[in-house]
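Peer 1: no sequence on this one, just coordinates:
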């Protein structure tokens with residue numbers, strides 16, 4: 001989780017008055033989180049970057065509609081909608097497969113491991129992180145979005161319902177199915193899981 005931004009309310013207020021420097025400070029603080037959410041929903045780096053950029057442009061244009069509360073949740077709702085727009089566009093036109101894109105393997109690997117673990121542990125952690133990402137990516141779009149918003153971004157059911165336009169019961173059902181799907185998917189890499197998380201042992 002990103003740390004809290006100092007003087008966030010003052011920056012938002014200044015940005016609402018047209019202060020571009022204040023808005024750019026907000027962008028710099030939230031850009032990694034916005035891109036990460038877009039990447040997990042869309043599963044492709046250039047589309048995620050486009051969606052993140054569109055979200056920040058939309059956020060700047062709609063700043064007057066922000067009426068308090070969690071600015072992070074307000075911003076993530078905008079990027080979620082931008083991702084849904086992109087997914088709807090994909091349904092209307094075929095796209096090049098991810099594996100066929102130039103440089104598709106070049107970005108967005110798991111974070112570098114800490115220096116305090118062994119190379120073997122680092123390799124296992126990296127492999128497990130990739131397996132988890134693959135399992136999340138394999139989920140249906142609606143389940144994937146809810147899982148990322150809940151378990152990665154830490155949003156509550158009501159915030160997710162507001163973002164996705166689904167009712168609370170649907171959000172809970174999708175989240176339950178998504179978690180079950182990831183658990184089932186990770187059965188294929190049980191040996192990578194810490195012993196307390198290995199299923200049926």
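Peer 2: Thanks, I have it. Remember, predicted model here, so these are calculated numbers, not experimental data.

Peer 1: From now on I want contacts and neighbour counts done on CA atoms only, so please keep to that.
Peer 2: OK.

Peer 1: Off-centre distance for the lowest-mean-pLDDT helix or strand in the chain?
Peer 2: When each helix and strand of the chain is scored by mean pLDDT, DSSP states H and E, helix 119-137 comes last, with a mean of 76. Mean-position distance between helix 119-137 and its chain equals 17 Å (Cα atoms, centre = their mean, to the nearest Å).

Peer 1: Does anything pack onto the helix or strand just after that helix? Which helices or strands?
Peer 2: Moving toward the C-terminus from helix 119-137, the next helix or strand (DSSP states H and E) is helix 141-147. Secondary-structure packing of helix 141-147 (3 or more Cα pairs under 8 Å, 6 or more residues apart in numbering; DSSP states H and E): helix 20-42, helix 168-186.

Peer 1: Determine which stretch of those helices is the most buried.
Peer 2: The highest average neighbour count among those, using mean count of other Cα atoms under 10 Å, belongs to helix 20-42 at a mean of 19.

Peer 1: Now do the contacts for the residue lying closest to residue 167 once chain neighbours are set aside.
Peer 2: In space, and not counting its chain neighbours, residue 167 is closest to residue 161: 5.6 Å by Cα to Cα, 6 or more residues apart in numbering. If a contact means Cα atoms under 8 Å, 6 or more residues apart in numbering, then residue 161 has 167, 168, 171 as its contacts.

Peer 1: What residues of the least confident helix or strand of the chain count as buried?
Peer 2: 122, 125, 126, 128, 129, 131, 132, 133, 134, 135, 136, 137 (16 or more other Cα atoms under 10 Å).
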